[in-house]
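Chemist: what follows is a predicted protein model with its sequence.
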Amino acid sequence: MTIPVLLRGFRYCRSATFSLQLDAVIDVRVLNRGALYLLMPLTDAGRSWLVANTSGAWRWLSGSVAVAKSYAGPIVDSMVADGLNVEV
């Protein structure tokens with residue numbers, strides 16, 4: 001199932017249907033800053049995932065990983081597949 005990455009305010013969580021979960025703990029928040037997307041870890045699990053999977057390829061800015069718009073979707077898909085809760 002393809003996850004629509006650019007829907008603002010939706011939370012993609014650990015479930016087979018990727019339904020909206022309002023009570024889930026968010027591991028990573030995705031912020032749209034024009035040409036860049038910031039992946040902000042909110043939990044230790046989110047931070048650990050970002051450190052392990054984005055090392056060397058992207059820059060950390062103010063506690064977030066900055067990625068180009070074209071990379072944000074595949075990264076979010078990978079985070080969700082690995083069981084993280086992501087808010088876009």
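Modeler: Everything's here; your move.
Chemist: list the beta-bridge partners for residue 29.
Modeler: Note on residue 29: beta-bridge partners residue 40, residue 87, judged by DSSP bridges.
Chemist: didn't it look like it was pressed against residue 43?
Modeler: No. Look at residue 29 against residue 43 with CB atoms under 8 Å: they stay out of range, at 10.4 Å. Just so you know, the C-beta spots here come from the backbone N, C-alpha and C atoms, and that holds for glycine as well.
Chemist: which one of those two is surrounded by more residues?
Modeler: Higher neighbour count among residue 29 and residue 43: residue 29, with 17 against 14, using other CB atoms under 10 Å.
Chemist: ok, the more buried one to residue 48 distance?
Modeler: Distance of residue 29 to residue 48, given as CB to CB, to the nearest Å: 16 Å.
Chemist: how about the backbone phi and psi for residue 73?
Modeler: Reported as degrees, to the nearest 10, the phi and psi values for residue 73 are phi -60, psi -50.
Chemist: count of residues packed around it?
Modeler: Residues near residue 73, counting by other CB under 10 Å: 18.
Chemist: check the gap between it and residue 62 for me.
Modeler: 22 Å.
Chemist: which residues of the chain fall in helices?
Modeler: Assigned by DSSP state H, the helices in the chain fall at 44-54, 69-81.
Chemist: so where's the protein uncertain?
Modeler: Along the chain, segments meeting pLDDT under 70 span 1-23.
Chemist: mind doing that once more with 80?
Modeler: Low-confidence segments of the chain (pLDDT under 80): 1-24, 55-57.
Chemist: compute the number of surrounding residues for the residue nearest to residue 78 when sequence neighbours are not counted.
Modeler: Nearest in space to residue 78, with sequence neighbours left out and distances taken as CB to CB, 6 or more residues apart in numbering, is residue 53 at 6.9 Å. Residue 53: 14 surrounding residues under other CB under 10 Å.
Chemist: surely residue 53 meets residue 77?
Modeler: No. If you go by CB under 8 Å, residue 53 and residue 77 don't touch, sitting 12.0 Å apart.
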